[in-house]
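Asker: Provided below are the primary sequence and the corresponding predicted coordinates.
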Amino acid sequence: MKKFKCIVVDDERLARALIINYISQLSDLELVRELKSAIEARAYLESNEVDIIFLDINMPKLSGMDFLKNINSNGLVIFTTAYPEFAVDAFEHNAFDYLVKPISFDRFLKSIDKVKKHLVNTDSGETKSITIKESKRLYKIQLDEITYLEAYGDYVKVHTSEKMYTVKKKLTDFEKTLKDDFIRIHRSYIINLDKIGFVEGNQVNISGNKIPISSRYKDTFISRYKA
């Protein structure tokens, strides 16, 4: 059984003790170090690899948030904090999860289940979701919910089966991330091949929306669509 190496970083002894107790109840988690400050954690990670970093925010000298912004580790950061208001900022800087104290074992377990799924998907090269920001909110979108993406000036409209999100990003940024079932068929459109209703002439029909296929991308698209 693979064990996921964990460190707990918190200046409060009781807060560390709670997370350590939770870790001890799961056979596939291994506590490798408990640390009282982000400065200690930074020094430890310079020569040690870990899978999960349980991190408090409000710590002396170097806050957990400042630590996250300059972290030199591939470990997934799970915040354990009494401050819910920093959640959006944390996710913008690639925190994996955000647990608000008092932390129940049930909430802790859900977070670990997410970690396991993420690490398994990463090891297999499989990506099942993306995180996007609309206005000040972050959304995790499952890839199989996305029907197509549409360039909109300096923004991209991400169309899903339920709603549409407007994201300040370039279509080329999504093109680098979205693989497998996604293909660019026009300078302004990337589509999910699995969501095509039918192809007619130089258009695809997705949920009643007619999307143009440009000559530049047509041969590649037809080849992929027939495969």
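Answerer: Sure, I can see it.
Asker: Extract the residue ranges of this protein that are flagged as low pLDDT.
Answerer: By pLDDT under 70, the weakly predicted segments of the chain are 1, 120-127.
Asker: Nearest residue to the middle of it?
Answerer: Thr131 (5.2 Å; C-alpha atoms, centre = their mean).
Asker: Test my guess that that residue contacts Gln142.
Answerer: No: when contacts are counted by C-beta atoms under 8 Å, Thr131 is not listed as touching Gln142 (11.1 Å). (C-beta placed from N, C-alpha, C; glycine too.)
Asker: SS state for Ala17?
Answerer: Following DSSP: H, G, I helix; E, B strand; the rest coil, the label given to Ala17 is helix.
Asker: list the contacts for it?
Answerer: By C-beta atoms under 8 Å, 6 or more residues apart in numbering, the contact list for Ala17 is empty.
Asker: tell me the contacts of Ser207?
Answerer: Thr147, Ser161, Lys195, Gly197.
Asker: now do Ala15
Answerer: Ala15 neighbours (C-beta under 8 Å, 6+ apart): Asp56, Thr80, Lys101.
Asker: Provide the backbone phi and psi angles at the second one.
Answerer: The phi/psi pair for Thr80 (degrees, to the nearest 10) reads phi -130, psi 100.
Asker: roughly how far apart are the residue sitting furthest away from the middle of the chain and Leu149?
Answerer: Computed with C-alpha atoms, centre = their mean, the residue of the chain farthest from its C-alpha average is Gly201, at 37.4 Å. Gly201 sits 22 Å away from Leu149, going by C-beta to C-beta, to the nearest Å.
Asker: now Asp113
Answerer: 29 Å.
Asker: and what of Arg16?
Answerer: Counting by C-beta to C-beta, the separation of Arg16 from Leu149 is 43 Å.
Asker: Next up, the contacts around the residue nearest to His186 when sequence neighbours are not counted.
Answerer: Among residues not flanking His186 along the chain, Ser214 sits closest, at 4.6 Å (C-beta to C-beta, 6 or more residues apart in numbering). The contact partners of Ser214, by C-beta under 8 Å, 6+ apart, come to Ile185, His186, Arg187, Asn202.
Asker: which secondary structure elements does the helix or strand where the first one lies contact?
Answerer: Put plainly, it is Ile185. With elements taken from DSSP states H and E, the one containing Ile185 is strand 182-186. Other helices and strands packing on strand 182-186, by 3 or more C-beta pairs under 8 Å, 6 or more residues apart in numbering; DSSP states H and E, are strand 189-192, strand 209-212, helix 215-226.
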